[in-house]
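K.L.:
Predicted structure and sequence below. I'll ask about it afterward.
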Protein chains: 2
Amino acid sequence: MLYLRHCRSLARVCLYRTPRLLLQGPASSLPESAGAVCTRWQSSNGGQDGWGQRTKIPRWRHMGAGLLVGTGTVLAYGLYHRQVQQASATSKSIGSIEKPSDYPVYTQDEVARHRTLTDGVWVTFKGAVYDITDFVALHPGGDKILLAAGGALEPFWSLYAVHNQEHVLEILAEYKVGELCPEDLKKQMGSSCDPYAGDPARHPALRVNSLKPYNAEPPTEILSENYITPSAFFFKRNHLPVPKVDPKAYRLEIHGLPCGPVSLSLEDLKTKFPKHTVTATLQCAGNRRSEMNQVKVVKGLNWGIAAISNANWGGALLRDVLMHVGYRPGFPARHVQFEGLDVDPVGTSYGASIPLGKAVSEEGDVLLAYEMNGEDLPPDHGYPVRVVVPGTVGARNVKWLGKIILSEDESPSHWQQNDYKGFSPGTDWDTVDFKAAPAIQELPVQSAITQPQEGIVLDRGLGTVTVKGYAWSGGGREVVRVDVSVDGGQTWHVAKLRSGEEGDQSPPPGRAWAWKLWELNVPLPPDVHELVIICKAVDSSYNVQPDTVTPIWNLRGVLSNAWHRVRVRVKED
Amino acid sequence: MLYLRHCRSLARVCLYRTPRLLLQGPASSLPESAGAVCTRWQSSNGGQDGWGQRTKIPRWRHMGAGLLVGTGTVLAYGLYHRQVQQASATSKSIGSIEKPSDYPVYTQDEVARHRTLTDGVWVTFKGAVYDITDFVALHPGGDKILLAAGGALEPFWSLYAVHNQEHVLEILAEYKVGELCPEDLKKQMGSSCDPYAGDPARHPALRVNSLKPYNAEPPTEILSENYITPSAFFFKRNHLPVPKVDPKAYRLEIHGLPCGPVSLSLEDLKTKFPKHTVTATLQCAGNRRSEMNQVKVVKGLNWGIAAISNANWGGALLRDVLMHVGYRPGFPARHVQFEGLDVDPVGTSYGASIPLGKAVSEEGDVLLAYEMNGEDLPPDHGYPVRVVVPGTVGARNVKWLGKIILSEDESPSHWQQNDYKGFSPGTDWDTVDFKAAPAIQELPVQSAITQPQEGIVLDRGLGTVTVKGYAWSGGGREVVRVDVSVDGGQTWHVAKLRSGEEGDQSPPPGRAWAWKLWELNVPLPPDVHELVIICKAVDSSYNVQPDTVTPIWNLRGVLSNAWHRVRVRVKED
């Protein structure tokens, strides 16, 4: 705890101590070699599992890194390209300023002998060697840093772009102890291996929160113009590179059954089970995190109001599949774990779990989906098979599904255990105990205004303002009302709700998986030059959104569902 | 609509026009006859169904009255006895002041010929005859008033004590057209028939919101001192007189099945089905209504924070019973209706319904309960059999259960259709459309502070303040955190939660039916003479309580779950 505090203090100091001296030239003057550094991951040890340490590394060592998938990207938001370039420049400059010439030279084999706290923990980065033994306890991402011991940092840092910041490189520079011998550096630089090089093309209209991993949301007006969000504009939330999966070779493994593991092909899923379709809204736990950042900075991607979208999903019911492979009521399991085929450099998959009851409920509608909006799943949304858990936070809707495990325990993954949980506004990184909070499953009631947008100017001559937005709640609870105010909450009007195209009949109780779009025409109040427009939704359990953000602020910036407020101006004729 | 507005204006005017002149003597000087007036209900036509009009009266006529069970009792709170006495005095006085002697005399038969708007609507009250034809459209309780046409008002008014107010008697006086002949008056006065005369004795510690029907809540400190609320202190919420049910003659009828109605005895319920026990918290939809009244007066009983209690319930699972009598999945019904044996003068039962899915779910835990805290149900809690619908608003937990009906439709009862629904703060009695809102089933997340109590003085020498309370959420959503502030919401502390005596293990997801008690010792902030203590709870769906009351205010004062605030003073040593 003390160490972590120390580390954060260090990071804070570094943030303010801008290393101007270290930036000696424009980005264009960088050497070519700066961009090609991580052969070991993909070539020298044979692919994604190349670090070869998977079985020896205790699981707790994995827990820090995933946090960093989101951590700090607030700071990195929008700066990615510039930072990568700055990073190279900075790294090179640090050496030349502080210790220009007299570092010892080490081989990769020598570096590789330092992989424990006892032997020392050495790493390489862009041709320099660092002894980071003393830093391990200070690493904000925890012991995950030990995964890189004895080898190159680049494959990790290219996965977790949060490291591409000046203060991180400044900290690293303090630990430099040598140079990598030119032959081994050349080997590292032998081929380009950006793990994100295979990611699919995306629509340029998306607002990118993070390029690697790719995280982006649609323009808000697209949300309320389309009850079904077109797949290209459906928000993207990736934790790792998009895996390339050959549909013919695809196998879904199911473990934890009394009869032993079962393996199903894509064809099996499509032909052995009835195709079930569900219209379901998915929402990221971090949707509207930017509003929490305005209260006090949190860790995570700086999502606006559009980390939520609605689609038609088609696939096999998880319940049907589990029954087919031998599951029966009473089977001693409490959770269904999912593992994705998206993996980090040591082969750890993205993972999550849901309660067994949800998975096998006749009313749960949990899908092993292979279709989105009537077509094959797009690569960004889990091709060829993903889980769709209606009513449940996006993080449990595991994409590129590779494995299902029936278990007494929740998923051991970082994202289930040490992320995607809610805490009191009084809890900080010094006091947080991730075991004290349940993993987010169902999300609370939510709504937001998509039109008009913040800051626009309305013409008084129009007489009215049209307010539009979306509303949704977790757990299949139907949104039953949206209240709109154009006077900062003094008076309220009831908006008109719109369900799917096919009609406005209510879904069965507890199975309202899809959002409602809403709109309302409200007269412009006289003699007012600024309007504070607010929306708040009510769901079928009559839960409501809280009035303000501050009392629900939490250190990870999740569950941001206070009333949504938009300020606009009114121009007189 | 216009009529109703008119009527409400009238009532408002009357409230301010205090009829001092009409109160001519102390209560003790009233004539004996004032308390004995409604023979017709219980004697002349043979019991509770004595008005004999049940089959002819369209159901919409019933809808107004139930509203009045709660309506206006805010005003009547605590005044019941005095008002009954005043009413007698007032009624007598009105005649003598306005038209001292020259009213025509009518027989009961003559009065009984005026039972429609065409023939005129006449009623009697304490020996006077009134032609209320023109008032029917103005009656706040709607056409329910026609039930009394041609007969005495007393049986209705003794059920709905809201009428025992001066302004009501003033309005009635305007319609006086005659006197009832002495012989018929004598018949009416022949025997006492207070329908509440058979109600059980209650503990004097209870805080009474309404005597007839009986509605009362325990002192708040009792709540947090007992994880299981002793039955005597469990809040009482009756809509009608407590029926006397002979357990040997008791039959539960089940309708709507393909094989025709089924009838079960109490013995059947106890012996043919396994006894299932559930610890479940029940909460009235109107709990904490008094806080809404502080914003703007609403209709309903002025509950404090204790219209909520927790008990062990034992009985047969509704699911088991329905399966036993032939229900099978796929059966074409969507709701399960319940009818109580508590009835109004024309035999209309208290009624409610729940969605079929909840009733038959293996995880729903819906009971036909015959035990409360290990003993037979007390009379106030539904002896011999009641429904316990864990996670669902108290109003659906029908007591003195007489009939179950599987149906495509919700219960047609007033309490399902035109009461116990939530509306926008912008909706008033002129604009409300009860069809526009769903009947409350699951309740939103709730918590309140039971200790310290409002206004007490803390001794600074103690150094800390102990804050205690309860927290609960509907739909089986477990309370996962309670935040407490002693500085008006600036900073928050996490309270220690306490589950049942038997251990603190979490219930299965979605089956957390019982509340959690919580407490916390917080240091007294220095240099502060008043503390605003606040609690707010979070449930497993991460729904939270709203910050303030005003934006969730609604015309019926239900669903009052804003942060609970208590102000206390700190005395220096």
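P.N.:
It's in. Residues are numbered from 1 along each chain as shown, chains lettered A, B, ... in the order given.

K.L.:
Return the per-residue confidence for A:Val208.
P.N.:
A:Val208 carries a pLDDT value of 96.

K.L.:
And A:Pro247, by the same measure?
P.N.:
pLDDT, A:Pro247: 98.

K.L.:
cool, the one 3 residues further on as well?
P.N.:
The confidence metric pLDDT takes the value 98 at A:Tyr250.

K.L.:
What segments of the stretch 251-400 of chain A are helices?
P.N.:
Applying DSSP state H, counting those that start in this stretch to the stretch 251-400 of chain A gives helices spanning A:266-271, A:289-295, A:318-324, A:356-360.

K.L.:
tell me how far the last one is from the chain's mean position?
P.N.:
Just to be clear, that refers to helix A:356-360. With CA atoms, centre = their mean, to the nearest Å as the basis, helix A:356-360 stands 24 Å off its chain's centre.

K.L.:
Tell me the helices and strands packed up against it.
P.N.:
helix A:318-324, strand A:335-343 (3 or more CB pairs under 8 Å, 6 or more residues apart in numbering or on different chains; DSSP states H and E). Just so you know, the C-beta spots here come from the backbone N, C-alpha and C atoms, and that holds for glycine as well.

K.L.:
Sheet partners, orientation included, of the last one?
P.N.:
Looking at strand A:335-343 with DSSP bridges, its paired strands and their directions are strand A:349-355 (antiparallel), strand A:401-407 (antiparallel).

K.L.:
Strands of the stretch 351-500 of chain A, start to end?
P.N.:
With DSSP state E, counting those that start in this stretch as the criterion, the stretch 351-500 of chain A has strands at A:367-372, A:375-376, A:386-388, A:401-407, A:446-451, A:457-459, A:464-472, A:479-485, A:493-494, A:496-498.

K.L.:
Can you tell me the strand partners of the last one and which way each runs?
P.N.:
With DSSP bridges as the criterion, the sheet partners recorded for strand A:496-498 are strand A:516-523 (antiparallel).

K.L.:
Please work out the average pLDDT along stretch A:289-302.
P.N.:
For stretch A:289-302, mean pLDDT rounds to 95.

K.L.:
hmm, back to that, output the helices of the stretch 251-400 of chain A in TSV; the columns should cover mean neighbour count.
P.N.:
Output for the helices of the stretch 251-400 of chain A, formatted as TSV (neighbours: other CB atoms under 10 Å in any protein chain shown):
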stretch	mean neighbour count
helix A:266-271	16
helix A:289-295	21
helix A:318-324	21
helix A:356-360	22
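
K.L.:
how about these, which one is nearest A:Asn209?
P.N.:
helix A:289-295 (9.4 Å; CB to CB).

K.L.:
what's the closest one in contact with?
P.N.:
A:74, A:298, A:300-304, A:549-550, A:553-554, A:557-558, A:560, A:562 (CB atoms under 8 Å, 6 or more residues apart in numbering or on different chains).

K.L.:
now that helix, how far from the centre of its chain.
P.N.:
The chain centroid and the centroid of helix A:289-295 are separated by 16 Å under CA atoms, centre = their mean.

K.L.:
Pull that helix out as PDB, backbone CA atoms only.
P.N.:
Below are the C-alpha coordinates for helix A:289-295, written out as PDB (Å, rounded to 0.1, in the frame of the first residue of the first chain):
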ATOM      1  CA  ARG A 289     -17.400   8.200 -17.600                       C
ATOM      2  CA  SER A 290     -16.500  11.600 -19.000                       C
ATOM      3  CA  GLU A 291     -19.000  13.100 -16.600                       C
ATOM      4  CA  MET A 292     -17.300  11.500 -13.600                       C
ATOM      5  CA  ASN A 293     -14.000  12.900 -14.900                       C
ATOM      6  CA  GLN A 294     -15.400  16.300 -14.700                       C
ATOM      7  CA  VAL A 295     -15.900  15.700 -10.900                       C
END
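
K.L.:
give the contact list for the closest residue to A:Gly314 other than its chain neighbours.
P.N.:
Spatial nearest neighbour of A:Gly314, excluding adjacent residues (CB to CB, 6 or more residues apart in numbering or on different chains): A:Glu371 at 3.5 Å. Neighbouring residues of A:Glu371 by CB under 8 Å, 6+ apart: A:275, A:277, A:312-315, A:377.

K.L.:
Neighbour count and pLDDT for the residues you listed - can I get that in TSV?
P.N.:
Listed next are these as TSV, based on neighbours: other CB atoms under 10 Å in any protein chain shown; pLDDT from 0 to 100:
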residue	neighbour count	pLDDT
A:Lys275	15	98
A:Thr277	14	97
A:Asn312	19	98
A:Trp313	26	98
A:Gly314	21	98
A:Gly315	25	98
A:Leu377	23	98
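
K.L.:
Just put these in TSV and tack on distance to A:Trp400.
P.N.:
Shown next, in TSV, are those (distance: CB to CB, whole Å):
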residue	distance to A:Trp400
A:Lys275	20
A:Thr277	21
A:Asn312	20
A:Trp313	15
A:Gly314	17
A:Gly315	14
A:Leu377	9
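
K.L.:
if we can go back for a sec, who wins for proximity to A:Ser158 among the strands of the stretch 351-500 of chain A?
P.N.:
Of those, nearest to A:Ser158 by CB to CB is strand A:401-407, at 22.4 Å.
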